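In: what shape does this take:
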Amino acid sequence: MQTRPPRKIEGMIGGSKLRKDELEAWKKLIPLNRKWRILEIGTYCGASSAVIAKERPDCSFFCVDAYPAFKEFKHNKQPNQNLFYGFSSDLMRFFPPRVFHMIFVDGAHDFDGVYADLDISKKLLKRDGVLLAHDYRDALQMAVKPAVDKWCADNDATVEVVAGTVARIRI
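Out: Below you'll find the model as predicted:
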């Protein structure tokens, strides 16, 4: 499977697969001076969420990945950022339902994996929370858009692109 090469971010190692406009769109959806709990499913080296965590110090970031880049994550980690090693399905053992204000899904990129990540996210997301999915219109990640669209149809949800390949799902 082809993917975009990581984009370098000053002060971070490992880079980010989010474009600058996608990262800015994610950040703008997080209100200033609010103590939000934010989950990132598929963190890799944590650079994307580290950039936002640095600018939103009142928020707590919980990053989960089954195959994280530990050395890079440790370098990029902000004080308000935590790494969970495992799959999104493991999170239900550690968090009660409806605990997160925002969830950014960028984990599995196969149809079943994306669908499962969204199912878990629905259980963990607060009512009126913000659910985002990365790679929604990425031609190199062909299973993401059909999985998101099917999940939305099955869950009476709508999807809108907020920047590049980042989509907001309204439940």
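In: next structured bit after the longest helix belonging to the chain?
Out: For the chain, the longest helix by residue count, based on DSSP state H, is helix 111-124. Downstream of helix 111-124, the first helix or strand assigned by DSSP states H and E is strand 125-133.
In: now do the strands in the protein.
Out: For the chain, the strands defined by DSSP state E cover 37-41, 60-65, 81-85, 100-105, 125-133, 158-163, 166-170.
In: and of the ones you listed, who's closest to residue 18?
Out: Nearest to residue 18, of all these, is strand 166-170, at 7.5 Å by CB to CB. In this view, the C-beta of every residue, glycine as well, is placed from N, C-alpha and C.
In: mind checking the end-to-end distance for stretch 103-111?
Out: By CA to CA, to the nearest Å, the extent of stretch 103-111 from end to end equals 18 Å.
In: kindly apply the preceding question to stretch 58-70 instead.
Out: End-to-end for stretch 58-70, by CA to CA: 24 Å.
In: in that stretch, which residues are buried?
Out: Within stretch 58-70, the residues that count as buried by 16 or more other CB atoms under 10 Å are 59, 60, 61, 62, 63, 64, 65, 66, 68, 69.
In: which other residues reach that stretch?
Out: With CB atoms under 8 Å, 6 or more residues apart in numbering as the contact definition, stretch 58-70 has outside contacts at 14, 30, 33-46, 49, 52-53, 73, 78, 80-88, 90-91, 95, 100, 107.
In: contacts only, for residue 6.
Out: 14, 15, 16, 17, 47.
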